[in-house]
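> Give me the fold of what follows.
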Amino acid sequence: MVELLKQYGGERIIVDSACDWGISDSLGVPKTARLALESGIPEKTVKRVCYANALEVYGKSGQTARRTG
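Numbers count the residues shown, from 1 in each chain. A predicted model of the protein is given here:
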């Protein structure tokens, strides 16, 4: 994921976790955020892909409360 962020930026990417029937890691998003920051991805980009982009997309349904800050 970090390499994808380096190559493509964070405009159209959402880092999300899988909570399906198989083995999943509920800490996948924060672990990815930490790795991205440690790899030199700007904090603004990490916040965008791990939080803001999802709010923007899912908020279009009108069912997700948008929170700023």
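
> how far away is the residue nearest the centre of the chain from residue 28?
Closest to where the C-alpha atoms of the chain average out (CA atoms, centre = their mean) is residue 50, at 2.1 Å. Distance, residue 50 to residue 28, using CB to CB, to the nearest Å: 10 Å. Yep, even glycine has a C-beta here, placed from its N, CA and C like the rest.

> Where does residue 36 sit, in terms of helix or strand?
helix 28-38 (DSSP states H and E).

> elements contacting the helix or strand just after that helix?
Going down the chain from helix 28-38, the next helix or strand is helix 43-47, by DSSP H and E. Packing contacts for helix 43-47, counted by 3 or more CB pairs under 8 Å, 6 or more residues apart in numbering; DSSP states H and E, involve helix 28-38.

> Please state the offset of the helix it packs on from the chain centre?
Its chain's C-alpha centre and that of helix 28-38 lie 9 Å apart, by CA atoms, centre = their mean, to the nearest Å.

> Repeat that for stretch 8-19.
For stretch 8-19 - counting by CA atoms, centre = their mean - the centre lies 4 Å from the chain centre.

> what's the answer for stretch 15-34, then?
With CA atoms, centre = their mean, you get 10 Å for stretch 15-34.

> in the lowest-mean-pLDDT helix or strand in the chain, what's buried?
Sorting the helices and strands of the chain by mean pLDDT, DSSP states H and E puts helix 53-59 at the bottom, at a mean of 91. Buried residues in helix 53-59, counted by 16 or more other CB atoms under 10 Å: 53, 54.

> Can you give me every residue that contacts residue 5?
13, 36, 41, 45, 49 (CB atoms under 8 Å, 6 or more residues apart in numbering).

> Would you mind measuring from the third one to residue 20?
When CB to CB is the yardstick, residue 41 and residue 20 sit 27 Å from each other.
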